[in-house]
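K.L.:
need the 3D shape of this:
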Amino acid sequence: MMNVAIIGAAGRMGTRLIHAVCETQGLTLTGAVEQDSHLQLGVDAGLIAGAGNLGVTLTSDLDAAIAAADVLIDFTFPDVTLNNLAVCARHGKMLVSGSTGFTAEQKHQVEEFAQSIPVVLAPNMSVGVNACFKLLKEAARILGDDFDVEVVELHHNKKKDSPSGTAVRMGEVLAQTLGRDYNQVANYHREGMCGERTHAEIGMQTVRGGDIVGEHTVYFIGMGERIEISHRAMSRDMFARGAARACVWLQDQPAGLYDMQDVLGLR
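P.N.:
Okay, here's the model as predicted:
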């Protein structure tokens with residue numbers, strides 16, 4: 001049995017993670033962490049999530065929660081994730097993170113921590129989205145330079161990073177397959193007399209509104225034809241299930257940095 005701690009356990013994502021851990025064979029929830037100002041500290045995490053009494057109270061003591069767990073699930077923000085990684089490394093514990101918006105320097109710091117502990121870091125834990133990554137690579141390989149490529153993503157109005165980590169990863173996969181440098185060809189903004197679309201660019205367009213969980217569409221646009229590869233998330237449950245699956249997979253892995261392509265055997 002693998003013991004799991006969740007940070008941000010009383011939030012929208014955290015409560016879904018509690019359900020996913022409880023529903024996954026081989027996993028047991030032993031820690032639920034929130035900010036020290038949270039009003040529900042001391043309340044059973046299962047009751048907060050609507051999963052029944054689990055005997056795990058919501059705490060702000062991250063060190064204690066990680067010390068009693070084998071793995072920490074983290075869906076937060078880059079600065080918080082790096083702090084969590086430092087605590088996990090100090091205790092020799094694993095980390096599964098779905099945080100997005102890392103800078104190149106922050107990614108390097110994650111890689112350094114992963115030299116001592118196993119880490120799964122993925123911009124999207126969904127099995128379906130990771131299947132899309134594989135499909136996009138194959139489509140780009142077949143279509144090559146004859147098709148213009150555009151990525152459009154939609155998320156709820158509370159999302160802080162833009163474009164989404166999933167959209168960026170899609171752009172990176174496309175650029176790499178097409179032999180381009182993503183940082184050179186990604187086009188995030190078009191306005192006014194911006195000129196014709198360049199042949200090599202990959203458009204990255206963002207929509208924010210309401211309670212959209214997450215939608216991503218990649219357009220391969222040629223002369224007289226168009227191919228669309230889309231993924232739509234109807235709930236956060238799929239991300240939570242993917243994170244739980246990553247925990248189960250990670251327990252047999254040595255120290256290193258992995259993502260959901262590794263977890264799902266899609267390399």
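K.L.:
now Tyr258: closest residue in space that isn't a chain neighbour?
P.N.:
Closest residue to Tyr258 apart from its sequence neighbours, by CB to CB, 6 or more residues apart in numbering: Val120 at 4.9 Å. Any C-beta I mention is one placed from the backbone N, CA and C, and that applies to glycine too.
K.L.:
Val56 now?
P.N.:
Spatial nearest neighbour of Val56, chain neighbours left out: Ala45 (4.8 Å); criterion: CB to CB, 6+ apart.
K.L.:
burial measure for Gln253, as a count.
P.N.:
14 (other CB atoms under 10 Å).
K.L.:
mind checking how far it is from Ala20?
P.N.:
20 Å (CB to CB, to the nearest Å).
K.L.:
correct me if wrong: Val80 contacts Gly101.
P.N.:
No. Using CB atoms under 8 Å, Val80 is not in contact with Gly101; the gap is 11.0 Å.
K.L.:
neighbour count winner among those two?
P.N.:
Neighbour tally, Val80 and Gly101, criterion other CB under 10 Å: the higher count belongs to Gly101, 18 against 15.
K.L.:
next, the more buried one: secondary structure please.
P.N.:
Of the three states, Gly101 takes coil according to DSSP: H, G, I helix; E, B strand; the rest coil.
K.L.:
the one 5 residues further on now?
P.N.:
Of the three states, Gln106 takes helix under three-state DSSP.
K.L.:
what segments of this protein are helices?
P.N.:
With DSSP state H as the criterion, the chain has helices at 12-23, 45-49, 62-67, 78-91, 104-113, 127-143, 165-177, 182-185, 237-250, 260-263.
K.L.:
mind putting those in CSV, distance to Ser97 and mean pLDDT included?
P.N.:
Compiled in CSV, the helices of the chain are given as follows (distance: least, CB to CB, whole Å; pLDDT from 0 to 100):
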stretch, distance to Ser97, mean pLDDT
helix 12-23, 12, 96
helix 45-49, 19, 97
helix 62-67, 13, 96
helix 78-91, 5, 97
helix 104-113, 8, 96
helix 127-143, 15, 95
helix 165-177, 11, 96
helix 182-185, 21, 96
helix 237-250, 9, 95
helix 260-263, 11, 94
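K.L.:
distance to His155 added to those, as CSV?
P.N.:
Converted to CSV, the helices of the chain look like this (distance: least, CB to CB, whole Å):
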stretch, distance to His155
helix 12-23, 13
helix 45-49, 23
helix 62-67, 28
helix 78-91, 17
helix 104-113, 21
helix 127-143, 13
helix 165-177, 9
helix 182-185, 20
helix 237-250, 13
helix 260-263, 19
